[in-house]
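Novice: Fold the following for me, if possible:
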Amino acid sequence: MLRQQDVGHRIVVRRIVGIREGRTLFSDALGELVELGETHITLATDAGPLRVPVAEVHRARRVPPARRPTAAAVIALELAADEAWPAPVRDRLGDWRLRWADGWTGRANSALPVGDPDRPLPAALDAVQRWYADRGAPALVNTPLPLAAPVGAELDARGWTTRPPVLVQTVPLPTLTAPPPAPTDPPPALTGLPPSAPTDPPPVTLAEAPAEDWLAVAAGRKGGLPGAARHVLTAVDRVRFAELRLDGHLLAVGRGTVTGDGRWLGICLLEVLPPARRRGFAIAVVRALAGWAAAEGATHAFLQVEQGNTGAVALYRRLGFTTHHTYLTRVAPAG
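Specialist: Numbering: from 1, shown residues only. Predicted coordinates:
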């Protein structure tokens, strides 16, 4: 059967669809596993999302991807993502990156084991634990899969735990800058805000520095905003902070960076405030950032999303994103 490590990979599922004349009837589905729950699994298929009750699954297994990215492609994208989310304290262990941002977000406070650590793997992991112990924190290691599978196996043997899988998704930038499809249903009313809201989203503003209410939204999402967080958010050469407002009310935000030798638009902190959801504001923010990045010469976009965040995964799939690879954040045992 399937495991959490299969999330983000291509699978085939044989499901039970009925019984006819005493014989069990089956149907096969092929797609990317985006959710593995206790009662249901969700696949992203060519025909759209498919949610299958676990009770109907007869067999399921991982199959080779249509086009698996090379190790070099995974490393390049991971380094572009690291550049887009820069920890203020950084060190190197051979090619591995060690990052610290006073505990603000896992990405900025974890080791990134890509390349050669310049020593045997057990010694490298011992050095990682010492580096984080010197900062009074348990060690975290982000393991891109399947690239860092040997690292993951060693961490399994050491009893490290695993946080929920994260999908690293990509899309060609022209897909995001194409005109969006017309909505099929009228948007809901904006509760608690002026009733004269336009049918189309208000224009998105892109700023070189975040406004205070933009930062407040980020703080609410990430559980505070220490000084190190401002460095992570702003210490990128090419960065924009998107905001969508109506009559002065901040309704949606997002952050975009251009990194990886100018190839990659990184999208993060995409948030629509509850009264303004289901009106296409998130798509408007993404399209504004994509237009800016295209003018900067970028050709592709990436984002990172927890596989359990099915609402966000569904939105990104509608925008054309597909999973490039996954990563797991591994946590050292206490003590």
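
Novice: My guess is Phe241 contacts Leu206. True?
Specialist: Yes: between Phe241 and Leu206 there is a contact under Cβ atoms under 8 Å: 7.1 Å. Quick note: C-beta positions are derived from backbone N, CA and C, even for glycine.

Novice: Looking only at neighbour counts, state which of those two leads.
Specialist: More crowded of Phe241 and Leu206, by other Cβ atoms under 10 Å: Phe241, with 22 against 16.

Novice: any idea how far that one is from Asp213?
Specialist: 11 Å (Cβ to Cβ, to the nearest Å).

Novice: cool, and Leu269?
Specialist: Taken as Cβ to Cβ, the span from Leu269 to Asp213 is 13 Å.

Novice: The two: which has the busier surroundings?
Specialist: When Leu269 is set against Asp213 and neighbours are counted by other Cβ under 10 Å, the residue ahead is Leu269, at 18 against 13.

Novice: Now do the contacts for that one.
Specialist: Neighbour list for Leu269: 217-218, 221, 253-255 [criterion: Cβ atoms under 8 Å, 6 or more residues apart in numbering].

Novice: Also Arg92?
Specialist: Counted by Cβ under 8 Å, 6+ apart, Arg92 has contacts Leu98.

Novice: Not counting its neighbours along the chain, what's nearest Leu155?
Specialist: Arg330 (4.8 Å; Cβ to Cβ, 6 or more residues apart in numbering).

Novice: Give me the buried positions along stretch 299-318.
Specialist: By 16 or more other Cβ atoms under 10 Å, the buried positions in stretch 299-318 come out as 300-305, 307-310, 312-317.

Novice: Mind listing the residues bridging to Val12?
Specialist: Leu30, Arg61 (DSSP bridges).

Novice: and it, how many neighbours?
Specialist: For Val12, the number of neighbouring residues by other Cβ under 10 Å comes to 14.

Novice: got a list of what it touches?
Specialist: Contacts of Val12 by Cβ under 8 Å, 6+ apart are 28-30, 60-61, 63.

Novice: Per-residue pLDDT of it, please?
Specialist: We have a pLDDT of 94 for Val12.

Novice: on that earlier part again, TSV for the contacts of Val12, including distance to Gly103, neighbour count and pLDDT?
Specialist: Below are the contacts of Val12 laid out as TSV (distance: Cβ to Cβ, whole Å; neighbours: other Cβ atoms under 10 Å; pLDDT from 0 to 100):
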residue	distance to Gly103	neighbour count	pLDDT
Asp28	46	10	95
Ala29	41	17	93
Leu30	41	14	92
Ala60	38	20	94
Arg61	39	11	92
Val63	39	10	89
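
Novice: where does the residue nearest to Val204 when sequence neighbours are not counted land on pLDDT?
Specialist: Leaving aside its sequence neighbours, Val204 sits nearest to Ala288 (Cβ to Cβ, 6+ apart; 3.7 Å). You'll see Ala288 listed with a pLDDT of 97.

Novice: And Thr191, by the same measure?
Specialist: Reported pLDDT for Thr191: 57.
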